[in-house]
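In: Predicted model and sequence follow; I will ask about them next.
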Amino acid sequence: MMAAMTLPSATPMVLCFAELNRRRAEGTRTQFFVAAYLTLWIAFSAAATVLQWALPAMGWITPMIVSRSAALSGALLFVAGVFQLSPLKQSCLRACRSPLGFLIGDWRDGI
């Protein structure tokens with residue numbers, strides 16, 4: 001379900017990448033790109049599912065995904081706040097805002 005929800009938002013990048021590969025007669029690169037994208041989201045979803053099963057079993061969240069742990073709530077807020085102010089977030093935003101800009105600026109031949 002996670003891959004199905006995120007693939008539409010990746011469509012502009014996939015279409016730009018596919019067009020560049022079509023012009024270079026390297027169509028299989030697009031298939032590998034989409035396969036890697038889906039593989040990563042499936043792996044993330046599997047890890048999130050395991051975590052969602054583990055947290056209620058440990059009594060840290062309710063079945064409705066409400067935190068029962070002040071420590072868990074505080075840790076999540078702290079991590080989210082640190083990420084919001086981090087250079088990593090700014091770097092990700094600069095790289096991911098424009099699919100075409102990313103492809104033009106960071107294109108490398110070969111796999």
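Out: That came through fine.
In: And the residue positioned nearest the centre of the chain, how far from Q84?
Out: With distances taken as C-alpha atoms, centre = their mean, W41 lies nearest the centre of the chain, 6.5 Å away. As for W41, its distance to Q84 is 23 Å (criterion: C-beta to C-beta, to the nearest Å). Bear in mind the C-beta positions are built from the backbone N, C-alpha and C, glycine included.
In: The residue nearest to the centre of the chain: which element?
Out: helix 28-57 (DSSP states H and E).
In: show me where pLDDT drops low in this structure?
Out: Within the chain, the stretches with pLDDT under 70 are 2-3, 110-111.
In: could you show me where the helices are in the protein, in order?
Out: 2-23, 28-57, 70-84, 87-96, 99-106 (DSSP state H).
In: CSV for those helices, including distance to M64?
Out: CSV is the format used below for those (distance: least, C-beta to C-beta, whole Å):
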stretch, distance to M64
helix 2-23, 20
helix 28-57, 10
helix 70-84, 15
helix 87-96, 29
helix 99-106, 37
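In: Which of these sits closest to P63?
Out: With C-beta to C-beta, the closest approach to P63 among the helices of the chain belongs to helix 28-57: 5.9 Å.
In: tilt between the closest one and helix 2-23?
Out: Going by axes from the mean of the first three to the mean of the last three C-alpha atoms, to 10 degrees, helix 28-57 is angled at 170 degrees with respect to helix 2-23.
In: other SSEs contacting helix 28-57?
Out: Under the contact criterion of 3 or more C-beta pairs under 8 Å, 6 or more residues apart in numbering; DSSP states H and E, helix 28-57 touches helix 2-23.
In: Only the buried residues of the helix it packs on, if you could.
Out: Judged by neighbour count using 16 or more other C-beta atoms under 10 Å, the buried positions of helix 2-23 are 3, 10, 13, 16-18, 20-21.
In: show me the contacts for L72.
Out: Counting by C-beta atoms under 8 Å, 6 or more residues apart in numbering, L72 touches 55, 60-61.
In: Most neighbours among those residues, which one?
Out: I61 (19 neighbours; other C-beta atoms under 10 Å).
In: ok, what's across the strand from that one?
Out: Under DSSP bridges, the beta-bridge partners of I61 are S67.
In: Surely it and R68 touch.
Out: Yes: if you go by C-beta atoms under 8 Å, I61 and R68 touch, sitting 6.1 Å apart.
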